[in-house]
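Trainee: My questions are about this predicted structure, shown below with the sequence.
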Amino acid sequence: MDDRSTKIVATLGPASSDPEVLERLILAGMDVVRLNFSHGTAADHIARAATVREIATKYRRSVAILADLQGPKIRVGKFTDGKVMLEKGASFILDADCQMGNQETVGIDYKELPRDVKPGDVLLLDDGKIVLDAKQVIGNRIITTVRHGGVLSNNKGINKQGGGLTAPPLTSKDIEDIATAVEMKADYLAVSFPKSGADMYMARELMRARGGKSLLIAKIERAEAIPALEEILKASDGIMVARGDLAVEVGDAAVPALQKRMIRMAREMNKLTITATQMMESMITSPVPTRAEVSDVANAVLDGTDAVMLSAESASGKYPVEAVEAMVRICVEADKSMDSDVRIDQDFLNRVFTRIDQSIAMAALFTAYHLKVKAIVSLTQSGSTALWMSRLNAGVPIFALTPEPETFTKLALFRDTRPLLMAQEESGDRDKLLRDAEALLLEQGVVQRGDLIVITVGEPIGKTGGTNTLKIVRVGEH
């Protein structure tokens, strides 16, 4: 178990689905596996999830499964020759009725696009590499002039500058994929392109109707999601700062400040955060990251993100394991520089708690910081107490001990939190539970006899949401 607080999400794909590579990724430090439902079949994803769980169990590691829904595909269609070269100043038509594209026109898979576009709008294709100015909309055809040209190939994405596309976030494919995510018991479900809290409530209802218990991650990638950020956070368990599509819609210069704002707001609302897109882009083809990428990952850590994410780097790149190892090195160094959020200051003391278990969590942080204890130990059924403690940095590692396998894997995404699976205490004997917890911590080598630790526990034993006790213990005195 390393000293890293920030967690690592890695996307599986052709470069990382072999069991041997998966094993190396888990041993290198991958905490969460992202299954991208834009690619592959349901059977592929279910098989990969099973392999990940098998390897994680072998090494007694907590590795979460994140099922990432595709969302609405707003893309150009295919070209007769696979691609065209668009010249600056040329006319180019996006036609909902076109079957096969050429130099003058191309089809679009989102047939409502002509209703969402008016003359004067700017359309950005292929992550903003191609820029088109809309001149006229005639029926199902959008007539544009090329402002910035280049090569445009099959199925590249379309964004509208400033947002305003009305495509719903959940397609019929997404609804099928939610069923797949429930079948594989995914720990997290990521929803693409939500614009409001209602979009996230709908996803949760669909997931629960299938019997799912996944935590919901909203991918913030539309301009409309920014003013609705608070309501989206309230309806979600966390957010992904999805900097690719977001940068295209709001402008790349706006994204760094938005990233900081999103992470800060999520932490204040006790929500999780994943920072994603192009974090180690050069490592798709290079065994080492650029200095700028190192700074980017470190800055996300210093912003307080729960996790940093690899996309193509681990899914299809040449160096998936090396990319995880590089992220581990950067996170470890950046974590050392994190300032504590727990001091005798007004910001901490003015916090209002309405729940007993949340009050115990904050008291544990305060006590741990001022007593300089070796560890905070949270005996938890649901993981809620560990989540609240992980929203603030006390400079002390949090060991979350749980008998619930589903909680054990979900905890893999919480920053500062080291999950440990322990046996269920059937007798309801608190003293035995505390002795078992100490024994597990000693066995793992995370504490030594004589160390001072803070323990949070609930009575009666085994009650979900029942954390109501804080104990300061010297290891071995039991």
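Mentor: Arrived safely. Source: prediction; values computed, not measured. Numbers count the residues shown, from 1 in each chain.
Trainee: Work out the gap between stretch 55-67 and the centre of the chain.
Mentor: Computed by CA atoms, centre = their mean, to the nearest Å, the separation of stretch 55-67 from the middle of its chain amounts to 16 Å.
Trainee: Now that stretch: buried residues?
Mentor: Of the residues in stretch 55-67, those with enough neighbours to count as buried (16 or more other CB atoms under 10 Å) are 55, 56, 61, 62, 63, 64, 65, 66, 67. In this view, the C-beta of every residue, glycine as well, is placed from N, C-alpha and C.
Trainee: Spatially central residue in the chain, please.
Mentor: Nearest to the mean C-alpha position of the chain, by CA atoms, centre = their mean, lies residue 274 at 3.6 Å.
Trainee: pretty sure it is in a strand, no?
Mentor: Yes: in this structure, residue 274 lies within a strand as judged by DSSP: H, G, I helix; E, B strand; the rest coil.
Trainee: OK, contacts around it?
Mentor: With contacts defined as CB atoms under 8 Å, 6 or more residues apart in numbering, the neighbours of residue 274 are 9, 217, 238, 239, 240, 241, 305, 306, 307, 308, 309, 413.
Trainee: what's the farthest-apart pair in the buried residues of stretch 55-67?
Mentor: The two members of the buried residues of stretch 55-67 with the most space between them (CB to CB) are 61 and 67, at 19.4 Å.
Trainee: who's in contact with stretch 309-329?
Mentor: Contacts made with stretch 309-329 from outside it, assessed by CB under 8 Å, 6+ apart, are listed as 2, 4, 8-16, 21, 24-25, 28-30, 34, 36, 240, 274-281, 283-289, 294, 297, 308.
Trainee: can you pull out the strands in the stretch 101-250 of the chain?
Mentor: 105-107, 122-125, 130-138, 141-148, 150-153, 158-160, 188-191, 215-220, 238-242 (DSSP state E, counting those that start in this stretch).
Trainee: So which other helices or strands are in contact with the fourth one?
Mentor: Read it as strand 141-148. strand 91-95, helix 113-116, strand 122-125, strand 130-138 (3 or more CB pairs under 8 Å, 6 or more residues apart in numbering; DSSP states H and E).
Trainee: looking at those, which is closest to residue 245?
Mentor: Within the helices and strands packed on strand 141-148, the stretch nearest residue 245 is strand 122-125; the backing value is 9.7 Å (CB to CB).
Trainee: on that earlier part again, got JSON lines for the buried residues of stretch 55-67, with pLDDT too?
Mentor: What follows is those, written out as JSON lines (pLDDT from 0 to 100):
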{"residue": "55", "pLDDT": "98"}
{"residue": "56", "pLDDT": "98"}
{"residue": "61", "pLDDT": "96"}
{"residue": "62", "pLDDT": "97"}
{"residue": "63", "pLDDT": "98"}
{"residue": "64", "pLDDT": "98"}
{"residue": "65", "pLDDT": "98"}
{"residue": "66", "pLDDT": "98"}
{"residue": "67", "pLDDT": "98"}
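Trainee: angle of the helix or strand residue 33 falls within against strand 272-276?
Mentor: Taking DSSP states H and E as the definition, one finds residue 33 inside strand 32-36. Orientation check (axes from the mean of the first three to the mean of the last three CA atoms, to 10 degrees): strand 32-36 against strand 272-276 gives 60 degrees.
Trainee: The helix or strand following strand 32-36 packs against which elements?
Mentor: Of the helices and strands lying after strand 32-36 in sequence (DSSP H and E), the nearest is helix 42-58. Packing partners of helix 42-58 (3+ CB pairs under 8 Å, 6+ apart): helix 19-28, strand 32-36, strand 64-68, helix 172-183.
Trainee: any chance of those in CSV, plus distance to residue 194?
Mentor: Formatted as CSV, the helices and strands packed on helix 42-58 follow (distance: least, CB to CB, whole Å):
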stretch, distance to residue 194
helix 19-28, 29
strand 32-36, 17
strand 64-68, 13
helix 172-183, 11
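Trainee: Give the buried subset of the contacts of stretch 309-329 as a PyMOL selection command.
Mentor: Buried residues within the contacts of stretch 309-329, by 16+ other CB under 10 Å, are selected in PyMOL with:
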select buried, resi 4+8+9+10+11+12+13+15+16+24+25+28+29+30+34+36+240+274+275+276+277+278+279+280+281+283+284+286+289+294+297+308
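Trainee: Okay, and which of the contacts of stretch 309-329 map to helices?
Mentor: Among the contacts of stretch 309-329, DSSP state H puts 21, 24, 25, 28, 294, 297 in helices.
Trainee: Tell me how many other residues crowd the closest residue to the first one other than its chain neighbours.
Mentor: If you skip the residues right next to it in sequence, residue 21 has residue 320 as its closest partner in space, 6.5 Å away by CB to CB, 6 or more residues apart in numbering. Neighbouring residues of residue 320 were enumerated by other CB atoms under 10 Å; the total is 28.
Trainee: Then residue 361?
Mentor: The burial metric for residue 361, expressed as a neighbour count using other CB under 10 Å, is 29.
Trainee: any idea how far residue 418 is from it?
Mentor: For residue 361, the distance to residue 418 equals 16 Å [CB to CB, to the nearest Å].
Trainee: Ok, residue 225 next?
Mentor: Computed with CB to CB, the distance linking residue 225 and residue 418 is 32 Å.
Trainee: Residue 83: what's it in contact with?
Mentor: 151, 152, 153, 154.
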